[in-house]
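Undergrad: Mind folding the following:
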Amino acid sequence: MSSWKKRLSDVIWLVCPFLVVIGIWQAVAAMEIFPPFLFPKATKVLVTFQEYIVSGELFEHILDSLLRLSLGFAAGFGLGFPLGIAMGSNRLIARAFDPLVNFFQAIPGLAWVPLAILWFGLGYKAVTFVIFTNVFFPVCFNTITGVRGIPQVLINSALTCGASYFQVVREILVFGALPSVVTGIRIGMGFGWRALVGGEMIAATSGLGFLIFDARQFLKTDVIIMGMATMGLMWLLMDRFILKPWELRTIERWGMAR
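TA: Numbers count the residues shown, from 1 in each chain. The predicted structure follows:
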């Protein structure tokens, strides 16, 4: 199959399921089984999309959400990755931190919201902290798995050749664990995205989560659905065109898939 035909086929398989859902949605709404203000037509939501795009309000909420996600992810990865390397390569560090990490990873990310509000108040800091708690653990645990999956013979060979501990970490552990780390990043981003929305509903005055929660108070169902659709579309684009290709290229380069 030629490249353009394959791309066309991929687009069709991506778009068609949504067209079917929208068609069913429009038909059910037209029957008015539910009140229009509770179950608006797809065309009404599309008009709302257009209004929010033209006014620029939707982009403002998107940018605020992406900024919070970036900050929370940077904090979660910045701590989870080096701790995962340390725990995966050093038994003493693993024994010291394993009980704590397992204890805190059992606490749902949104359970931190009330405490985050008390600590940081409403706004970026509280939501960023909630995202951090959701990103940290997938990155940390996948890094540990990746490090422990590296054959010991490679590490011993490097040490025998005179490599220092930091050279082993940099040249073997980091790169050897990278396929698992990338998978952890993809999972962590997914958890962080959901935590972002939940956190913004409670602890923010802007962002897509806030947009949905605020619209609920005024019975603006079309705005709620628009916000939900925006979240789904943004994640679909990020996962399909950034995270998934990055993960596949990494594991293919390491010979884990073809």
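Undergrad: element containing the spatially most central residue of the chain, please.
TA: Taking CA atoms, centre = their mean, the centroid of the chain lies closest to residue 189, which sits 2.1 Å from it. According to DSSP states H and E, residue 189 maps onto helix 174-203.
Undergrad: Give me the buried positions along that helix.
TA: Under the neighbour-count criterion of 16 or more other CB atoms under 10 Å, helix 174-203 has 174, 176-203 buried. (Each C-beta comes from the backbone N, C-alpha and C, glycine too.)
Undergrad: got the phi/psi numbers for residue 70?
TA: Main-chain dihedrals, residue 70, degrees, to the nearest 10: phi -60, psi -40.
Undergrad: any idea of the pLDDT on it?
TA: The model reports residue 70 with a pLDDT of 93.
Undergrad: burial measure for it, as a count.
TA: Neighbour count of residue 70, defined by other CB atoms under 10 Å: 13.
Undergrad: Residue 73 now?
TA: Using other CB under 10 Å, residue 73 has 23 neighbouring residues.
Undergrad: so it, which of the three states?
TA: Following DSSP: H, G, I helix; E, B strand; the rest coil, residue 73 is assigned to helix.
Undergrad: That one and residue 190 touch, don't they?
TA: No. Using CB atoms under 8 Å, residue 73 makes no contact with residue 190, being 11.0 Å away.
Undergrad: rewinding a little: quick one: contacts for the residue nearest to the centre of the chain?
TA: 69, 73, 135, 238, 239, 243 (CB atoms under 8 Å, 6 or more residues apart in numbering).
Undergrad: After the helix holding residue 189, heading C-terminal, what element do we hit next?
TA: Reading on from helix 174-203 to the C-terminus, the next helix or strand found by DSSP H and E is helix 208-217.
Undergrad: What residues sit buried inside that next one?
TA: 208, 209, 210, 211, 212, 213, 214, 215.
Undergrad: what's near enough to touch the closest residue to the second one other than its chain neighbours?
TA: Looking back up the chat, that one is residue 209. What sits nearest to residue 209 in space, not counting adjacent residues and going by CB to CB, 6 or more residues apart in numbering, is residue 200, at 2.8 Å. Contact partners of residue 200, counting by CB under 8 Å, 6+ apart, are 65, 68, 127, 206, 207, 208, 209, 210, 213.
Undergrad: could you redo the last one with a cut-off of 6 Å?
TA: 127, 207, 209, 210 (CB atoms under 6 Å, 6 or more residues apart in numbering).
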